[in-house]
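S.K.: here are the coordinates; sequence isn't available:
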């Protein structure tokens, strides 16, 4: 039975954007999401939607899924996807690279920035840690910029818990677009894991879905995969479509911490400023960060776990790199993400500069600690020119992809705004040429 003109698989940044853009134009849309709605704002609730906690395959006490090569991969299974746990950074990334593929996004970037209320982080609202690190960085000659954020600062409580989901509604997430799509008539089905795409004679027919009450088939004229850089290639591999799963990038990062002698610093919004002068030539950015107490407790070595109780004296800087697309996703969900020599060189350079800034800020060099490698911006696994064309259509007619998996290379900076812009462009194309 035909139930939908367009079936969107995934409710994260890409899927929510497509669903909203189509629904407000009066098009019949059904959204499938493997997760569900969760309470937000606490570490306990985050255990219900971070993939590392909720996956039965990875029995590690950490939010990230551990790759065999070592790096941990961070993503979330929840309505709104990983947008729920972003730090609300509204940076434009890969605009030149996409333009070279004749994908012009200027108009869509402006639309997204207006809708999300992207604005540079106000200096008056920066926390003490950010101000200390900003001053130290500028004393060393580095240019520090306010990070563009999609936060309504009149609602923000500066709790520092963006990565647990904003309980105050200050931060834009894909749930907002989902809400607008539902108001316009779209339908959302939660706890629906898409196992494979159904097609015949080169034309999409629908998907097979597993839900708590069993497996069923959902038919559709058009299917848009937006299950993310990990979920989308798994679905394609199970469906024997294209050459998906390779070229995984994750914008690998480490955090460098140090302790000052005195301080009663309160929690604050992370990544409020940005040092990006190394991005073009060396492939990394630096930004202030402080992880949550439980996260630190889980990953710190036994002899260093007491540092959790010294967080009011702790300064931290994140080094985020544009990593090599050397990873891959297997059909059983195994995520391979090695740290290449070039990746390691970028991380080491960022850490070295971070230590100089921390020292200038008054942190004791003997207290320095560098976290393990993680990745949070997953993409490239169904890239433009390999799995999809510039209209985001696969080899199967009317099967499309609109998420980070289509990105041509690692951005090395938060990609939310770019995914929205791409999804807006795709939606316009879908409406004008296919619907």
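M.R.: Yes, it's here. The shown structure was predicted, so the numbers you read here are calculated from the model rather than taken from an experiment. Residues are numbered from 1 along each chain as shown.

S.K.: is it true that residue 363 touches residue 260?
M.R.: Yes: with contact defined as Cβ atoms under 8 Å, residue 363 and residue 260 form a contacting pair (5.4 Å). Yep, even glycine has a C-beta here, placed from its N, CA and C like the rest.

S.K.: Which one's more surrounded, those two?
M.R.: Remark: of residue 363 and residue 260, residue 363 carries more neighbours, 25 against 19, as counted by other Cβ atoms under 10 Å.

S.K.: Spatially nearest residue to the more buried one (excluding sequence neighbours)?
M.R.: Among residues not flanking residue 363 along the chain, residue 258 sits closest, at 3.0 Å (Cβ to Cβ, 6 or more residues apart in numbering).

S.K.: again with residue 111
M.R.: residue 424 (6.0 Å).

S.K.: Quick check: pLDDT value at that neighbour.
M.R.: Turning to residue 424, the model gives it a pLDDT of 98.

S.K.: do residue 56 as well
M.R.: 49.

S.K.: got it, and residue 2?
M.R.: So, for residue 2, pLDDT stands at 52.

S.K.: cool, and residue 83?
M.R.: Taking residue 83 on its own, its pLDDT is 98.

S.K.: okay, and the common contacts of residue 363 and residue 260?
M.R.: Common contacts of residue 363 and residue 260, defined by Cβ atoms under 8 Å, 6 or more residues apart in numbering, comprise residue 315.

S.K.: got a list of what the residue nearest to residue 111 touches?
M.R.: Counting by Cβ under 8 Å, 6+ apart, residue 424 has contacts 17, 21, 108, 111, 112.

S.K.: Which members of these are the farthest-apart pair?
M.R.: 21 and 112 (11.1 Å; Cβ to Cβ).

S.K.: helix, strand or coil for the closest residue to residue 246 other than its chain neighbours?
M.R.: Spatial nearest neighbour of residue 246, chain neighbours left out: residue 328 (4.8 Å); criterion: Cβ to Cβ, 6+ apart. Secondary structure, DSSP: H, G, I helix; E, B strand; the rest coil: residue 328 is strand.

S.K.: ok, residue 328 touching residue 248?
M.R.: Yes: under the criterion of Cβ under 8 Å, residue 328 makes contact with residue 248 at 5.5 Å.

S.K.: circling back: report pLDDT for the residue nearest to residue 246.
M.R.: pLDDT at residue 328 comes out at 98.

S.K.: Would you mind measuring the gap between the ends of stretch 239-249?
M.R.: Using Cα to Cα, to the nearest Å, the end-to-end distance of stretch 239-249 comes to 22 Å.

S.K.: For that stretch, buried residues please.
M.R.: 239, 241, 242, 244, 245, 246, 247, 248, 249 (16 or more other Cβ atoms under 10 Å).

S.K.: from those, which is closest to residue 418?
M.R.: residue 249 (13.5 Å).

S.K.: follow-up on the earlier one: so who does the residue nearest to residue 363 touch?
M.R.: By Cβ under 8 Å, 6+ apart, the neighbours of residue 258 are 314-316, 355, 358-359, 361, 363-365, 367-369.

S.K.: from the residues you listed, which is closest to residue 196?
M.R.: Of these, the one sitting nearest to residue 196 (Cβ to Cβ) turns out to be residue 316, at 42.5 Å.

S.K.: The closest one: how many residues sit nearby?
M.R.: Counted with other Cβ under 10 Å, residue 316 comes out at 23.

S.K.: The stretch 201-350 of the chain: strands as residue ranges?
M.R.: 203-211, 214-225, 253-259, 273-274, 284-288, 314-321, 328-329, 335-336 (DSSP state E, counting those that start in this stretch).

S.K.: same thing with the stretch 1-150 of the chain?
M.R.: 2-9, 29-32, 65-66, 72-73, 119-120, 145-146, 148-149.

S.K.: Show me what the first one is in contact with.
M.R.: It refers to strand 2-9. 15, 18-19, 22, 27-32, 187, 194, 206-207, 218-227, 232, 235, 430, 435.

S.K.: For stretch 323-340, buried residues please.
M.R.: Using 16+ other Cβ under 10 Å as the test for burial, stretch 323-340 gives 323, 324, 325, 326, 327, 328, 329, 335, 336, 337, 338, 339.

S.K.: And stretch 278-287, by the same measure?
M.R.: So stretch 278-287, judged by 16+ other Cβ under 10 Å, has buried residues 278, 279, 282, 283, 284, 285, 286, 287.

S.K.: Is it possible to get a markdown table of these that adds pLDDT and distance to residue 161?
M.R.: Below are the buried residues of stretch 278-287 laid out as a markdown table (pLDDT from 0 to 100; distance: Cβ to Cβ, whole Å):
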| residue | pLDDT | distance to residue 161 |
| --- | --- | --- |
| 278 | 98 | 29 |
| 279 | 97 | 27 |
| 282 | 98 | 31 |
| 283 | 98 | 29 |
| 284 | 98 | 26 |
| 285 | 98 | 22 |
| 286 | 98 | 22 |
| 287 | 98 | 17 |
